[in-house]
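In: any chance you can model this:
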Amino acid sequence: AFWKYNIATNSWTQLPNVPGTVNGGAMAYDGSGNFYALQGNDVNAFWKYNIATNSWTQLPNVPGTVNGGAMAYDGSGNFYALQGNGTTAFWKYNVNTNIWYTGAAAPAPIPGTVNGGAMAYDGSGNFYALQGNGTSAFWKYTP
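Out: Have a look, this model is predicted:
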């Protein structure tokens, strides 16, 4: 299931279901009407939801299976993602080339599912990430 929350009315609206079962996935907004999502669930599916058309599109699979991953958008056409799944894998997806690229490995493995990490972009060129797994590890990445 996929839902939209309206702050003004304090209400939820159901939208079209995601193309597959999600568990330990991640989602990020591109600022121009699209959400990008990693399925997780130990698979490598990657989707885009377009607000204007109210529809999902399958995109190129991520380089590995995701579980407990994290994703953030840099504001200029690139999504950065942590694979989770007990790995240090870190990737960049460019919306213009529609290609995934391998980035610098995370400093330590990101666990899967409920113990996974989190990531956010600060708007000035840096990403910040939490390792998860009951640790207090906090990292900064500058592309």
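In: show the contacting residues for Ile99.
Out: Going by Cβ atoms under 8 Å, 6 or more residues apart in numbering, Ile99 touches 60, 93. Heads up, the C-betas are built off the backbone N, CA and C, glycines and all.
In: partner residues bridging it?
Out: Asn94 (DSSP bridges).
In: relative to Asn61, how far out is it?
Out: Separation of Ile99 from Asn61 (Cβ to Cβ, to the nearest Å) stands at 11 Å.
In: swap in Gly25?
Out: Taking Cβ to Cβ as the measure, Gly25 falls 13 Å from Asn61.
In: what do you get for Asn133?
Out: 25 Å.
In: more neighbours: the two, which one.
Out: Neighbour totals were compared for Asn133 and Asn61, and Asn133 leads with 18 against 14 (other Cβ atoms under 10 Å).
In: looks like the more buried one contacts Asn115 (just checking).
Out: Yes. Assessed by Cβ atoms under 8 Å, Asn133 is found in contact with Asn115 at 4.5 Å.
In: any weak-confidence spans in the chain?
Out: Filtered on pLDDT under 70, the chain yields the residue ranges 113-114.
In: any chance you could map the strands in it?
Out: Ranges of strands in the chain, per DSSP state E, are 2-6, 11-15, 26-29, 34-38, 46-50, 55-59, 70-73, 78-82, 90-94, 99-102, 118-121, 127-130, 138-141.
In: contacts for the third one?
Out: Residues lying outside strand 26-29 but in contact with it, judged by Cβ under 8 Å, 6+ apart, are 35-38, 40, 66, 69-73, 79, 81-82.
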